[in-house]
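>>> here is a sequence together with a model predicted from it:
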Amino acid sequence: MRVNEYAPDGAIDTRKRLFNKWVLDIGDGNVPASTRDGEDEATWIKIPDEYIVESDTSPIDTIVDTIFPDFIANHQDEDYLRERAILTPRNDDADQINKSMFKKLQSQSMTYQSSDEICKGSTDALEQHQAYPVEFLNKLNFPGVPPHKLKLKIGQPIMLLRNLYPSAGMCNGTRLLITDFQKFVIHARIITGSHIGNTVIIPRIVLTATQSKWPFVLQRIQFLVKPCYAMTINKSQGQSLELVGLYLPKPVFSHGQLYMAMSRVTHPDGLNIVMVNELYDGLQNHTRNVVYKETFTNLHPTT
């Protein structure tokens, strides 16, 4: 859907067609795979050398320089920011890359601190308030919930983590560019979707985190945004990018993740992969492709 197989003269571009087939085969689990010692199922596939970016120094610096060349000169160019992003399987790695990019950006910064408390509707709420002070709640991080200290800069791209105002283009996954800070709101301009160029105001909202190991429901009041120079593969659903940096310090861990990451790109030349510890039992430039083929058994064949 993203890679147009036709050349400008209307002829079929063979390279694009082969790339599309390769990506679809990855999604279907039909790419030849190898098995590591001690494993029963073949899940390790070879990545063609043309998509591999060799890292001689820091892997993070390598992927950043590849996807964001001449960053200082282009850091406010909306087209430059819209067409590229770094994808990685885990939140910790995405946060590390975003922190690295944050340091490069020379503009006014702001740190927003959340208001955290245990939901009063929780069972044993009174005892839990005594056992878990606010200082402890501030240190907790949950998937899909912004941190207690949200550090942002003007000119930084951010992504919405929930639907706020869909009719105005403020949907889950929308990317924006910060234009101004206020005490209780953030001013930003939409750079993706059908409302590109619109300036919007983002308020703080009440968030709850229920799925965790803790015996309480956390209630956090914070801006529902996250820096998006880098994002997790799962959060990249729906994005179309001309330049994708796939950063794999560890292999993907869930069904279809590798396919999802590679299918974000709109041209074969836009895929760049940096793998760390890429040599597994002699399998150089191999990475894991997790596909549960039983999920396809009840699908109706297309006609």
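Looks like it arrived, so ask away.

>>> direction included, what does the helix or strand where residue 226 lies pair against?
Using DSSP states H and E, the secondary-structure element containing residue 226 is strand 225-227. Take DSSP bridges as the rule and strand 225-227 pairs in its sheet with strand 157-160 (antiparallel).

>>> which helix or strand lies directly C-terminal to the partner strand?
Counting by DSSP H and E, what follows strand 157-160 is strand 175-181.

>>> which residue is the nearest non-sequential neighbour of residue 88?
Among residues not flanking residue 88 along the chain, residue 247 sits closest, at 4.3 Å (C-beta to C-beta, 6 or more residues apart in numbering). Yep, even glycine has a C-beta here, placed from its N, CA and C like the rest.

>>> contacts for the strand holding residue 226?
98, 101-102, 146, 150, 152, 156-161, 176, 186, 202 (C-beta atoms under 8 Å, 6 or more residues apart in numbering).

>>> any idea how far residue 174 is from residue 166?
Distance of residue 166 to residue 174, computed by C-beta to C-beta, to the nearest Å: 9 Å.

>>> if you could redo that for residue 270, that was the one I meant.
In terms of C-beta to C-beta, residue 270 sits 21 Å off from residue 174.

>>> higher neighbour count, those two?
Using other C-beta atoms under 10 Å, the more surrounded residue of residue 270 and residue 174 is residue 174, with 27 against 19.

>>> wait, is the residue nearest to residue 88 part of a strand?
Yes: the assignment for residue 247 is a strand, going by DSSP: H, G, I helix; E, B strand; the rest coil.

>>> which of the contacts of strand 225-227 are buried?
98, 101, 146, 150, 152, 156-161, 176, 186, 202 (16 or more other C-beta atoms under 10 Å).

>>> output these as TSV; include the columns distance to residue 48 and pLDDT.
Output for those, formatted as TSV (distance: C-beta to C-beta, whole Å; pLDDT from 0 to 100):
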residue	distance to residue 48	pLDDT
98	29	96
101	28	95
146	38	92
150	39	96
152	38	97
156	34	96
157	30	96
158	34	97
159	30	96
160	35	95
161	34	92
176	35	96
186	42	97
202	41	96
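
>>> which residue packs closest to residue 290, ignoring adjacent ones?
For residue 290, the spatially nearest residue (C-beta to C-beta, 6+ apart) is residue 255, at 5.4 Å.

>>> can you give me the helices in this structure?
All helices of the chain, identified by DSSP state H, fall at 14-28, 59-67, 71-74, 78-82, 91-104, 125-131, 134-138, 257-262.

>>> would you single out the least confident of the ones you listed?
Mean pLDDT is lowest for helix 125-131 among the helices of the chain, at a mean of 71.

>>> what helices and strands are in contact with that helix?
If contacts are counted by 3 or more C-beta pairs under 8 Å, 6 or more residues apart in numbering; DSSP states H and E, helix 125-131 sits against strand 115-118.

>>> tally of neighbours for the nearest residue to residue 12 once chain neighbours are set aside?
Sequence neighbours aside, residue 5 is the residue nearest to residue 12 in space, at 5.9 Å (criterion: C-beta to C-beta, 6+ apart). Counted by other C-beta under 10 Å, the residues lying close to residue 5 total 15.

>>> give me the nearest residue to the most centrally placed residue in the chain, chain neighbours excluded.
Among the residues of the chain, the one closest to the centroid is residue 231, at 2.1 Å (C-alpha atoms, centre = their mean). Spatially, and ignoring its direct neighbours in sequence, residue 231 is nearest to residue 94 (5.7 Å; C-beta to C-beta, 6+ apart).

>>> residues contacting that neighbour?
By C-beta under 8 Å, 6+ apart, the neighbours of residue 94 are 86, 88, 230-232.

>>> picking up where we left off before, buried deepest among the helices of the chain, which one?
When those are scored by mean count of other C-beta atoms under 10 Å, the highest mean neighbour count falls to helix 257-262 (a mean of 22).

>>> circling back: which one among the contacts of residue 94 gets closest to residue 109?
residue 230 (18.5 Å; C-beta to C-beta).
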